[in-house]
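S.K.: have a look at this fold, sequence not included:
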């Protein structure tokens, strides 16, 4: 059997090597339009930022390696122009010679990936404007920076690539401005979590402009003028990083079924509407494990798993792809932000019966030196405590906890499962009650109604006319974080002594630093017959998004 794979990198290259391990007799051919068959696309920002010193470090395998190790033929710089389904052939152009030829196949795998979205704005053809998809793109950017002496960079788009490139541009000394059309950075996170990322970016010298976009780029030969919907910026270069879309032109022209957003529709075996054609990676539509809804996901991990599933089925094995969680992670200087499952926007769109909790905890025992706090947001089903999603912003240990949540969500787990997992513990690495355990405990308190909550975006609706009692139960040292208007200060240590002063006929709203002291206050008050609610996450979360309270979200420039 002859199997032809269109595209290399994560999907195509992984499928090819898996196929060979399953079938030594198959004829396997990879056709790659670029010069590199297998490269570390996720490492490109760090090559540009001079963290990774050599371009060669990004190149994982070449044609000779595939031939010698796996007996797989690779033709780089061979562009597939057309899929001829009726004849089961491909029309291919050798980009080095210009020669066009026909290539037959018995089975075909499409792994063409995604392409950068290029907004239809004037000036995109400037030599100072870049996108980042391949190693040649990265080399082009790095060469320009070295030869031009550029000092100012504008990045249009505040997603993962935009943030990683902003960090790496700063690493090599550039002044950096991010322009983002929406009201927050990093769309997979919710706004109160993204606000922490923005603050950290700004603290490290990155200018952030939200709710704005580029509408024209003017290159006068010496610098760029980037005209925005509101205002303009001068720069020496611009990186367009507003996102990507499935590179599905070949499939469309071959009348292979696509969804409305252009992704190739595949079944659980990664087979397309043509029974002899499979597809994997950024080009395909997948299903979200939590919502069951179709989506696109542009990540290396899912692409590699899909490649394995497709190879299994091409080789006669029976494998099914279960869907995705959208688990992702971004490094921003010394900060880490990671997420899995659904965020609130997605939960609302899919009418999930959800609630949420926030926790602020160190990654390891507080008495061991070097601990820094992480802020966690966990979404769960109100009635069962089933975990829907998690977002964590912090420093060390973020990746470990998000991977825990991803595992629990994939297995359909609940808050009880989080409580019952035995995590490794030693003071340098964790706590006897790990942050993931603690999330389970807090969720259980909400599900079992041991605690009523109100959230940062509901504070403004609390009655300030005297019909409710508002209590701040923080320690005195935590008052430096600022105050919420209307709250009277009564530290937890004095609450029981002064409780008789609180009117039982009024609802009581409690806040504290992170929610923990507030929970203790609520339990004491409820035991005496008060109706009480605790500010979820405390001022540590409220202060991220509300300028009336420190720590503040810095204003955009």
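M.R.: Perfect, I can see it now. Treat the numbers as computed from the prediction; the structure is a model and nothing was measured.

S.K.: please, where are all the helices along the stretch 401-550 of the chain?
M.R.: Secondary structure of the stretch 401-550 of the chain (DSSP state H, counting those that start in this stretch): helices at 415-420, 435-447, 492-498, 516-527, 538-545.

S.K.: elements contacting the last one?
M.R.: Okay, so that is helix 538-545. helix 191-203, strand 354-362, strand 373-381, strand 508-511, helix 516-527 (3 or more CB pairs under 8 Å, 6 or more residues apart in numbering; DSSP states H and E). Every C-beta, even on glycine, is put in place using the N, C-alpha and C of the backbone.

S.K.: check the third one too.
M.R.: Under the contact criterion of 3+ CB pairs under 8 Å, 6+ apart, helix 492-498 touches helix 516-527.

S.K.: hmm, who's touching the helix it packs on?
M.R.: 442, 445, 450-452, 471, 473-475, 492, 495-496, 499, 502, 508, 510-512, 532-535, 538 (CB atoms under 8 Å, 6 or more residues apart in numbering).

S.K.: and the residues you listed, which are buried?
M.R.: 442, 445, 451-452, 471, 473-474, 492, 495, 499, 502, 508, 510-512, 532-535, 538 (16 or more other CB atoms under 10 Å).

S.K.: mind checking which helix or strand residue 234 is in?
M.R.: For residue 234, the host element (DSSP states H and E) is strand 232-235.

S.K.: residues making contact with the following helix or strand past that strand?
M.R.: Using DSSP H and E, the next helix or strand after strand 232-235 towards the C-terminus is strand 237-240. Contact with strand 237-240 is made by 116-119, 124, 126, 128-132, 141, 144-145, 148, 150, 152-157, 162, 165, 214, 217, 224, 226, as judged by CB under 8 Å, 6+ apart.

S.K.: do you know how far residue 80 is from residue 311?
M.R.: Separation of residue 80 from residue 311 (CB to CB, to the nearest Å): 19 Å.

S.K.: next: residue 189.
M.R.: Counting by CB to CB - residue 189 and residue 311 are separated by 34 Å.

S.K.: pLDDT (mean, whole number) over stretch 152-167?
M.R.: Stretch 152-167 carries an average pLDDT of 97.

S.K.: check contacts around residue 126.
M.R.: Contact analysis of residue 126 by CB under 8 Å, 6+ apart lists 217, 219, 224, 238.

S.K.: out of those, which sit inside strands?
M.R.: 217, 219, 224, 238 (DSSP state E).

S.K.: may I have the beta-bridge partners of the last one?
M.R.: Going back to what we said before, that points to residue 238. Residue 238 has these beta-bridge partners by DSSP bridges: residue 129, residue 154.

S.K.: quick one: it and residue 141, what's the gap?
M.R.: Applying CB to CB to residue 238 and residue 141 gives a distance of 11 Å.

S.K.: just the strands in the stretch 251-400 of the chain please.
M.R.: In the stretch 251-400 of the chain, the segments counted as strands under DSSP state E, counting those that start in this stretch are 277-279, 286-287, 294-295, 328-332, 335-341, 354-362, 373-381, 387-394.

S.K.: report the contact partners of the closest residue in space to residue 75 that isn't next to it in sequence.
M.R.: Distances taken as CB to CB, 6 or more residues apart in numbering place residue 31 nearest to residue 75, at 5.5 Å, with adjacent residues excluded. Counting by CB under 8 Å, 6+ apart, residue 31 touches 4, 5, 6, 7, 75, 78, 79, 80, 90, 92, 103.

S.K.: how much space is there between the first one and residue 113?
M.R.: Okay, so that is residue 4. 16 Å.

S.K.: report the buried members of the contacts of residue 126.
M.R.: Neighbour counting with 16+ other CB under 10 Å marks 217, 224, 238 as buried within the contacts of residue 126.

S.K.: any idea how far the first one lies from residue 337?
M.R.: From residue 217 over to residue 337 the distance is 29 Å, taken as CB to CB.

S.K.: same thing with the second one?
M.R.: Look at residue 224 and residue 337: by CB to CB, they are 29 Å apart.

S.K.: circling back to that earlier point, minimum distance to residue 246: which of the helices and strands packed on helix 538-545 has it?
M.R.: Closest approach to residue 246 among those (CB to CB): helix 191-203, 25.4 Å.

S.K.: okay, the angle between the closest one and strand 373-381?
M.R.: 160 degrees (axes from the mean of the first three to the mean of the last three CA atoms, to 10 degrees).

S.K.: which one in the protein is furthest away from the centre?
M.R.: residue 500 (48.7 Å; CA atoms, centre = their mean).

S.K.: what count of nearby residues applies to the nearest residue to residue 326 once chain neighbours are set aside?
M.R.: Closest residue to residue 326 apart from its sequence neighbours, by CB to CB, 6+ apart: residue 297 at 5.9 Å. Counted with other CB atoms under 10 Å, the neighbours of residue 297 add up to 22.

S.K.: compare the helices of the stretch 401-550 of the chain and say which comes out lowest on pLDDT.
M.R.: Among these, helix 538-545 carries the lowest mean pLDDT (a mean of 92).

S.K.: so which bits of that helix are buried?
M.R.: For helix 538-545, by 16+ other CB under 10 Å, it's 538, 539, 540, 541, 542, 543, 544, 545.

S.K.: same deal with stretch 279-298?
M.R.: Buried residues in stretch 279-298, defined by neighbour count with 16+ other CB under 10 Å: 279-291, 295-298.

S.K.: ditto for stretch 393-407
M.R.: Applying 16+ other CB under 10 Å to stretch 393-407 flags 393-398, 400-402, 404-407 as buried.

S.K.: same question, stretch 334-349
M.R.: 335, 336, 337, 338, 339, 340, 341, 342, 343, 344, 346, 347.

S.K.: in the stretch 101-250 of the chain, which spans are strands?
M.R.: Going by DSSP E, counting those that start in this stretch, the stretch 101-250 of the chain shows strands at 107-110, 114-116, 129-130, 152-156, 175-179, 206-209, 214-219, 224-228, 232-235, 237-240, 244-246.

S.K.: most tightly surrounded among those strands?
M.R.: Of all the strands of the stretch 101-250 of the chain, strand 107-110 carries the top mean neighbour count, a mean of 26, counting by mean count of other CB atoms under 10 Å.

S.K.: tell me the centre residue of the protein?
M.R.: Short answer for the chain (CA atoms, centre = their mean): residue 328, at 4.1 Å.

S.K.: give the contact list for it.
M.R.: By CB under 8 Å, 6+ apart, residue 328 lies in contact with 160, 188, 299, 338, 339, 340.

S.K.: still on that earlier bit, next, format the strands of the stretch 251-400 of the chain as TSV and append mean pLDDT and distance to residue 304.
M.R.: Putting the strands of the stretch 251-400 of the chain into TSV (pLDDT from 0 to 100; distance: least, CB to CB, whole Å) gives the following:
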stretch	mean pLDDT	distance to residue 304
strand 277-279	98	14
strand 286-287	97	13
strand 294-295	96	18
strand 328-332	97	15
strand 335-341	98	17
strand 354-362	96	30
strand 373-381	97	27
strand 387-394	98	23
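
S.K.: distance to residue 38 for the ones you listed - can I get that in JSON lines?
M.R.: Rendered in JSON lines, the data for the strands of the stretch 251-400 of the chain read as follows (distance: least, CB to CB, whole Å):
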{"stretch": "strand 277-279", "distance to residue 38": "18"}
{"stretch": "strand 286-287", "distance to residue 38": "22"}
{"stretch": "strand 294-295", "distance to residue 38": "26"}
{"stretch": "strand 328-332", "distance to residue 38": "22"}
{"stretch": "strand 335-341", "distance to residue 38": "26"}
{"stretch": "strand 354-362", "distance to residue 38": "40"}
{"stretch": "strand 373-381", "distance to residue 38": "35"}
{"stretch": "strand 387-394", "distance to residue 38": "31"}
